[in-house]
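Engineer: Just a sequence and a predicted model for now, questions to come.
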Amino acid sequence: MLTFLIITTVIFFITLVVISSSRPIRSDISIFELNRRSLEGDRNAKRILKREEVLTLLVSLQRIVIALLISVVSILLIVAFGWGLGVLAAILLAITYGMIARIKFVHSSSQNLYESIEPQIINLITKYESIFTYLQTAPSGIDSSTGSISSRQELQDMIERSEGVLDEDEKKIIVNGLSFKDLLVSSVMTPRSVIDTISKSEFLGPIILDELHKLGHSRLPVINGDVDHIVGILHLQDLLTLDIKRSVTAEKAMEPKVFYIKDKQSLNHALAAFLRTHHHLFIVVNEYRETVGLLTLEDTIEALIGQKIVDEFDSHDDLRTVAGRNLAHNNNPKNHEDV
């Protein structure tokens, strides 16, 4: 009789370890995606979706079975060895079964066994769902790894860690798009120290035109004295039509309409302003209307998509210095507009 009790106890204990060592695994594919794949006829997605629907009940069933097995093993030990020794043995086994279940070989073997019979268990739960729901012990949404996204940062992290869905360029575009609204004009503008300008009184003769084209810019600010007094924009492509036999000043050839934007404005605001004004270059000013940089449409789009559009002559070194004096009439020509 004692031998029978010991063998029975060992069998129940092994069963306890196996069940404790395995667990239902939540899919890392979202419910939305599983539903989409299921509607397209993906049988594996249907199987996973079915498991996701009863996952809480699976966990509850496992807990109930573990509790019953611990009780049965404890009773068998007490019957076999009496209250004193039996209770001590039951306590020892209750402490050690979890440690045994965490052994790598035990866990992998138990998990493989569980996964082979999981479909049958799911069918049983589905058939008698009302009964298992009544016996549910696990909270709804247990181990939820596919819940709703709580922040833009979480979504960015999810995109950056995704593999096989998006290529690197697509990831970069999405991640930069999500953070775009938080970027300021000052973070991407060309700083004051490297701005090329031309005086409004400069004659656009052949030598000057050659020097301007060598700069590589398509547009150039026209100044009245210094860079804090920008009075127009010179479009170099328009200079190709000039009659080089009769030189004109930069003031005569420039576009007098100048658009200014504050350095603390967001790039989101800047992009909207570019679209509204149909201009490609803004003069960036600080609170004293001193010039601190230039912002182009290309700069803004590069920040949005995370990729270079035009890389020649770009400079993003923080070399600008803002003058200490407050010039009351800085950047305030007749034909100007703040965006």
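Structural biologist: Here it is on my side, so go on.
Engineer: which regions of this structure sit below the pLDDT cut-off?
Structural biologist: Scanning the chain for pLDDT under 70 picks out the ranges 137-154, 164, 216, 238, 240-247, 309-332.
Engineer: Now do the helices in it.
Structural biologist: For the chain, the helices defined by DSSP state H occupy 2-21, 31-39, 43-53, 55-101, 104-127, 129-134, 152-161, 168-179, 206-215, 250-253, 267-277, 297-305.
Engineer: Kindly present those helices as CSV, with separate columns for distance to P333 and mean neighbour count.
Structural biologist: The C-beta positions use only the backbone N, C-alpha and C, and glycine is treated the same way. Compiled in CSV, the helices of the chain are given as follows (distance: least, CB to CB, whole Å; neighbours: other CB atoms under 10 Å):
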stretch, distance to P333, mean neighbour count
helix 2-21, 78, 16
helix 31-39, 55, 15
helix 43-53, 64, 16
helix 55-101, 68, 16
helix 104-127, 75, 14
helix 129-134, 75, 12
helix 152-161, 40, 13
helix 168-179, 35, 15
helix 206-215, 21, 12
helix 250-253, 11, 18
helix 267-277, 16, 17
helix 297-305, 22, 19
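Engineer: which ones are touching P256?
Structural biologist: Counting by CB atoms under 8 Å, 6 or more residues apart in numbering, P256 makes contact with 231-232, 333-335.
Engineer: Tell me how far the residue nearest to P24 when sequence neighbours are not counted lies from E33.
Structural biologist: Residue nearest to P24 in three dimensions, not counting chain neighbours: L58, with 4.3 Å by CB to CB, 6 or more residues apart in numbering. Separation of L58 from E33 (CB to CB, to the nearest Å): 21 Å.
Engineer: And L183, by the same measure?
Structural biologist: For L183, the distance to E33 equals 31 Å [CB to CB].
Engineer: Not counting its neighbours along the chain, what's nearest L69?
Structural biologist: Leaving aside its sequence neighbours, L69 sits nearest to L16 (CB to CB, 6+ apart; 4.1 Å).
Engineer: Was I right to think that neighbour contacts I66?
Structural biologist: Yes - using CB atoms under 8 Å, L16 is in contact with I66, at 6.6 Å.
Engineer: which residue sits closest to I48, ignoring its sequence neighbours?
Structural biologist: Using CB to CB, 6+ apart and skipping residues adjacent in sequence, the residue nearest I48 is S27, 4.9 Å away.
Engineer: chain center to stretch 98-111: distance?
Structural biologist: Taking CA atoms, centre = their mean, to the nearest Å, the mean C-alpha location of stretch 98-111 is offset from the chain mean by 36 Å.
Engineer: returning to that earlier point: which residues does the residue nearest to I48 contact?
Structural biologist: 34, 48, 51-52, 146.
Engineer: Would you mind listing the residues in contact with E251?
Structural biologist: By CB under 8 Å, 6+ apart, the contact list for E251 reads 200-201, 222, 231-232.
Engineer: Sitting in strands, which of the residues you listed do you find?
Structural biologist: Counting by DSSP state E, these place 222, 231-232 in strands.
Engineer: ok so, going back, how near is the residue nearest to I48 to Y288?
Structural biologist: S27 is 58 Å from Y288, by CB to CB.
Engineer: do the same with L184
Structural biologist: 17 Å.
Engineer: any idea how far T15 is from H278?
Structural biologist: From T15 to H278 the distance is 76 Å (CB to CB).
Engineer: err, E52, not the other one
Structural biologist: Counting by CB to CB, the separation of E52 from H278 is 51 Å.
Engineer: got it, and I66?
Structural biologist: Taking CB to CB, one finds I66 at 70 Å from H278.
Engineer: next one: T8
Structural biologist: 86 Å.
Engineer: What of A94?
Structural biologist: 77 Å.
Engineer: Could you check stretch 178-196 and say which residues are buried?
Structural biologist: 180, 183, 185-186, 188-192, 195 (16 or more other CB atoms under 10 Å).
Engineer: Tell me the one among those residues nearest to L124.
Structural biologist: The closest of the buried residues of stretch 178-196 to L124 turns out to be F180 (CB to CB; 51.3 Å).
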